[in-house]
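>>> Fold the following.
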Amino acid sequence: MARYLLAAATIAGHVIPMLHIGADLRRRGHDVCLLTGADYRDQAHRAGLRFAVLPPEAHIHPPPPARPSRLPPMIRRYLRGRAELSSVFIAPLTAQSDALEEALRREPIDAVLVDLAFTGALAHLLAGHPRPPILVCGVGPLTLSSVHTPPFGMGWPPRQSVNYDNMTRFVHRVMFASTQKRLNLALQQVGVARSPVFLADWPRLADKVLQLTVPSFEYPRSDLPGTVTFTGQIFPSAPDERGDPPWADRLGIARTIIHVTQGTWDNTDLDQLIGPTLRALADRDDCLVIATTGGGPIHTLSTPIPDNVYLTDYLSYEQLLPRVDLVITNGGYGGVQHALRYGIPVIVAGETADKAEVAARVAHTNTGINLGTAHPTPGVIRSAVDRILTDPSYRTSAHQLRRDFIAATPLKTIADALAEVTGNPIPLADAE
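This next block holds a predicted model:
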């Protein structure tokens with residue numbers, strides 16, 4: 001039996017995969033402690049995990065929702081990106097590092113698995129003192145720089161003949177010089193040296209990077225570090241629910257089922273995407289639109305709910321997605337891959353966090369349409385829906401990726417990677 005510490009930044013889309021990993025490791029007979037926000041204590045205990053709580057100073061709060069702007073998309077993403085790098089990766093670093101140090105002092109740990117936003121682990125990677133192996137879980141698109149890809153955050157699919165080395169150097173050393181300076185000041189506060197790599201590249205300093213996707217949903221790179229392992233995405237098991245879901249009685253009246261969501265991160269203004277989608281499809285009697293708010297405030301919708309819409313906070317994707325023809329989303333990494341796992345094409349309208357990068361990968365794989373904005377108009381959405389429903393190439397590409405997602409064994413791959421870095425015996429039989 002090994003002892004593992006899992007540490008997750010306080011973002012739902014980051015914590016939930018770590019919970020699934022922890023539950024699987026526990027089923028394999030290992031001792032697992034989850035370090036994250038107090039809101040997840042009950043879920044951790046239900047999964048059989050011990051729990052350690054992050055202090056409030058380590059909590060991550062998204063910047064205020066972006067408003068429509070006349071600025072070019074690249075400038076919008078640059079300004080928003082600077083704010084989010086600071087609030088997500090730098091502001092919580094000291095508190096995360098202190099909490100991780102305290103957890104490691106309490107008991108011997110064989111390995112630490114952190115999510116991409118838990119930069120408190122960077123301080124331990126740079127400290128130079130003895131430590132357990134540290135593995136980074138890529139719960140968002142791969143951030144590592146490459147000569148084959150534009151700098152992370154630009155949201156551009158790569159061009160095959162372009163060497164992006166000079167562009168990356170300029171972005172890191174000039175455009176985001178102040179961000180890197182803030183990172184180094186935060187590291188100085190916890191008593192470690194400056195980072196030898198740019199902030200987005202910090203996972204390359206870890207012992208391993210476990211990227212939660214399949215290679216076919218990532219850009220090809222000849223300079224990918226040998227520490228990177230593609231695991232596949234972690235999908236929850238189907239719920240043990242009897243009977244039909246509450247929206248099932250409306251399926252018979254619709255030829256096309258469309259799901260729209262703003263996820264759980266950038267959902268404080270539902271009129272960014274859900275509102276214009278409802279307006280775009282309000283007169284489509286052949287469509288049933290199932291909208292989930294992710295807990296976002298329904299009062300921010302400026303339109304009445306049309307008759308062909310079922311609106312709720314949350315739904316089980318394992319019940320919903322097998323019946324869906326198209327997903328419209330602001331680009332959550334897990335949610336997009338969940339749709340592709342069922343071979344469903346996607347329309348992506350997102351600019352915050354890593355959503356522009358997710359959208360770019362959707363366009364690159366031809367599994368859907370990147371609208372290039374977080375504030376699409378109803379006309380733009382209607383046109384994209386028509387393109388998806390009339391052009392079979394999108395669904396064909398999504399089905400090709402579906403085969404890769406189904407073939408992956410993420411939990412076994414992660415358990416094997418942890419066993420490898422710790423020298424512990426091969427884990428118990430796969431529970432996936």
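>>> contacting residues for the residue lying closest to residue 111 once chain neighbours are set aside?
Leaving aside its chain neighbours, residue 111 sits nearest to residue 133 (4.6 Å; criterion: CB to CB, 6 or more residues apart in numbering). For the C-beta atoms, the positions are set from N, CA and C on the backbone; glycine is no exception. By CB atoms under 8 Å, 6 or more residues apart in numbering, residue 133 lies in contact with 110-112, 207-208, 421-422.
>>> Looking at those residues, which one is closest to residue 96?
Distance to residue 96, by CB to CB, is smallest for residue 112 among those, at 11.8 Å.
>>> okay, residue 131: pLDDT?
Note for residue 131: predicted pLDDT of 95.
>>> cool, and residue 102?
For residue 102, the pLDDT comes out at 96.
>>> what sits up against the one helix or strand it maps to?
Using DSSP states H and E, residue 102 maps to helix 93-106. Outside helix 93-106, the residues that touch it by CB under 8 Å, 6+ apart are 5, 7, 9, 33, 35, 52, 54-55, 57-58, 109, 112, 114, 118-124, 131-132, 183, 186-187, 189-190.
>>> Can I get the buried part of those as one ChimeraX selection?
A single ChimeraX command selects the buried members of these (16 or more other CB atoms under 10 Å):
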select :5,7,9,33,35,52,54,58,109,112,114,118,119,120,121,122,123,124,131,132,183,186,187,190
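>>> So which of the contacts of helix 93-106 are in helices?
Among the contacts of helix 93-106, DSSP state H puts 120-124, 183, 186-187, 189 in helices.
>>> and the closest residue to residue 295 other than its chain neighbours, what does it touch?
Spatial nearest neighbour of residue 295, chain neighbours left out: residue 313 (5.5 Å); criterion: CB to CB, 6+ apart. By CB under 8 Å, 6+ apart, the residues touching residue 313 are 292-295.
>>> Now, of these, which are buried?
292-294.
>>> Pick out whichever of those residues sits closest to residue 317.
Residue 317 has its nearest neighbour among the buried ones among the contacts of residue 313 in residue 292, at 9.4 Å by CB to CB.
>>> could you pull out the helices for the stretch 201-350 of the chain?
274-281, 317-320, 333-341 (DSSP state H, counting those that start in this stretch).
>>> any chance of those helices in a markdown table, with distance to residue 94, mean pLDDT and mean neighbour count too?
Formatted as a markdown table, those follow (distance: least, CB to CB, whole Å; pLDDT from 0 to 100; neighbours: other CB atoms under 10 Å):
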| stretch | distance to residue 94 | mean pLDDT | mean neighbour count |
| --- | --- | --- | --- |
| helix 274-281 | 36 | 95 | 24 |
| helix 317-320 | 36 | 88 | 18 |
| helix 333-341 | 26 | 96 | 25 |
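>>> for the residue nearest to residue 111, phi and psi?
phi -60, psi 140 (degrees, to the nearest 10).
>>> same deal with the one 4 residues further on?
In terms of degrees, to the nearest 10, the main-chain angles of residue 137 are phi -100, psi 120.
>>> Not counting the helix or strand containing residue 16 itself, show me its contacts.
Secondary structure from DSSP H and E places residue 16 in helix 12-27. Outside helix 12-27, the residues within contact range by CB under 8 Å, 6+ apart are 4, 6-9, 32, 34, 36-37, 40, 43-44, 47-49, 113, 115-117, 137, 139, 212, 234, 236, 263-265, 332-334, 411, 414-415, 418, 427-428, 431-432.
>>> Name all residues that make contact with residue 280.
378-379, 381-382, 385.
>>> Show me which residues of stretch 322-336 are buried.
323-336.
>>> With distance to residue 167 added, can I get those residues in TSV?
Output for the buried residues of stretch 322-336, formatted as TSV (distance: CB to CB, whole Å):
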residue	distance to residue 167
323	43
324	38
325	38
326	34
327	32
328	31
329	28
330	26
331	23
332	27
333	24
334	29
335	30
336	26
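>>> Return the subset of those residues lying in strands.
Counting by DSSP state E, the part of these found in strands is 326-329.
>>> Is it possible to get those residues out as JSON lines so that each row also shows distance to residue 270 and pLDDT?
Converted to JSON lines, these look like this (distance: CB to CB, whole Å; pLDDT from 0 to 100):
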{"residue": "326", "distance to residue 270": "19", "pLDDT": "98"}
{"residue": "327", "distance to residue 270": "16", "pLDDT": "98"}
{"residue": "328", "distance to residue 270": "13", "pLDDT": "98"}
{"residue": "329", "distance to residue 270": "13", "pLDDT": "96"}
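>>> Farthest pair within those residues?
Largest pairwise distance in these, by CB to CB, is 10.2 Å, between 326 and 329.
>>> what residues are shared contacts of those two?
346-347.
>>> okay, now the domains of this structure?
3-233+408-422, 248-406 (automatic domain parsing).
>>> Next, report how far the first one is displaced from the centre of its chain.
Between the centre of domain 3-233+408-422 and the centre of its host chain there is 11 Å, according to CA atoms, centre = their mean, to the nearest Å.
>>> Ok, the shortest one next?
On the basis of CA atoms, centre = their mean, domain 248-406 is displaced by 16 Å from the centre of the chain it belongs to.
>>> Endpoints of that domain, how far apart?
26 Å (CA to CA, to the nearest Å).
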